Each structure stands twice: as structure tokens, then as C-alpha cells.
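**Student:** I'd like to go over a predicted model; first the sequence, then the structure.
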Amino acid sequence: MKICVPSMGETGLEDQVGQHFGKVLNYIMYDTETSEVSVIPNTSEHNGGVGLPPELMSQNGVSVMLCGGLGTKAVAMFEQYGIEVYVGAQGTIWDALKAWETGKLQKATMDNACTSHEHDDHNHSHDHHNHHSHDHGHQHH
């Protein structure tokens, strides 16, 4: 099985996991059967190239992608290509692979994907105009 991890570097398993999967320089691909490590340059349109990262990974036979987190649109795209995504990866690429092997990473779904770009104003209380001064004539020294 081929597993792909977005990378901040270009050497392999010692690289740091890239937190923005579409904007990293490279993807590190690890083959669990042969222990072979390959570096796939990110030539997607996010980086001025063509195509999308899931397409790139699909062409390289990737079944699983590990990353820090990603949005709902990205989860949907990976699902279209039949690639399973696991989130929570951090540290080096090797750390991420070990975390995945031991079941520590969470499978990304439409429910737990980052919606950080969309929920900025849903979680605040809307009673800002009801705050009164609670200083009932007491002198604070």
C-alpha cells in the first residue's frame, strides 16, 4: 500500500509534515510493502502547476494520505479519487507513518474536516448589548 504525506522538505522520512497539504513543496510516498520512499514534487495548480493534489497522488497509486488537517472540499476530492485521508499527523514523516500504523490518527470525514474558514462567526454569543456595569456603587481600592 502506498501512503503519501505532505512534506516541508525534500529528502524523505526525516522531513517535517507539511500542514497545508496543497501548498507544500513535495509529497513523500512510502510503500508499506517494499519500504520504498519516493519524493513526488507538488506540481499541482496550488503551486503554479496543473491539476490537483489528489489527482497527482491517484496517478502515483496512493491509497492513504496523512496530514495535519484539511477542509471539507479537500476531503470530498480525496474521496472521489478513492484515497483515504487521516488527520492529526505532526512531527516528521516517519512520526506520522508510525502514528498511522498504531491507529493514532483519525480518519478524515466530512464531519471532522476543518471548517475553520467557514465558522468564524457562529460560535460567539450574541448578547453583547446586554452587558451592564456590575459596579453597584462600590469603591474599588
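**Tutor:** Happy to help now that I have it. Numbering: from 1, shown residues only.
**Student:** and the most centrally placed residue in the chain, how close does it get to Glu33?
**Tutor:** The geometric centre of the chain, computed from its C-alpha atoms, lies nearest to Gly69 (C-alpha atoms, centre = their mean), at 2.6 Å. Distance of Gly69 to Glu33, computed by C-beta to C-beta, to the nearest Å: 28 Å. (C-beta placed from N, C-alpha, C; glycine too.)
**Student:** quick one: the helices in this protein?
**Tutor:** Counting by DSSP state H, residue ranges of the helices within the chain are 53-59, 72-80, 93-101.
**Student:** redo those helices as JSON lines? Include mean neighbour count, mean pLDDT and distance to His20.
**Tutor:** Converted to JSON lines, the helices of the chain look like this (neighbours: other C-beta atoms under 10 Å; pLDDT from 0 to 100; distance: least, C-beta to C-beta, whole Å):
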{"stretch": "helix 53-59", "mean neighbour count": "20", "mean pLDDT": "89", "distance to His20": "10"}
{"stretch": "helix 72-80", "mean neighbour count": "17", "mean pLDDT": "90", "distance to His20": "10"}
{"stretch": "helix 93-101", "mean neighbour count": "19", "mean pLDDT": "98", "distance to His20": "15"}
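**Student:** so which of the ones you listed comes closest to Val17?
**Tutor:** If you check each of the helices of the chain against Val17 by C-beta to C-beta, helix 93-101 wins as the nearest, at 5.2 Å.
**Student:** need the residues that contact the closest one.
**Tutor:** Counting by C-beta atoms under 8 Å, 6 or more residues apart in numbering, helix 93-101 makes contact with 3, 5, 7, 12-17, 28, 30, 64, 66, 86, 88-90, 105, all of which sit outside it.
**Student:** and Ser125, what pLDDT?
**Tutor:** Reported pLDDT at Ser125 in the predicted model: 40.
**Student:** revised request: answer the last question for Ala113.
**Tutor:** Here the pLDDT value assigned to Ala113 is 79.
**Student:** how many other residues sit next to it?
**Tutor:** 18 (other C-beta atoms under 10 Å).
**Student:** contacting residues for it?
**Tutor:** For Ala113, the contact set (C-beta under 8 Å, 6+ apart) comprises Gly69, Leu70, Gly71, Thr72, Ala74, Val75, Val87.
**Student:** what do you get if the cut-off is 7 Å, keeping everything else the same?
**Tutor:** Leu70, Gly71, Thr72, Val75 (C-beta atoms under 7 Å, 6 or more residues apart in numbering).
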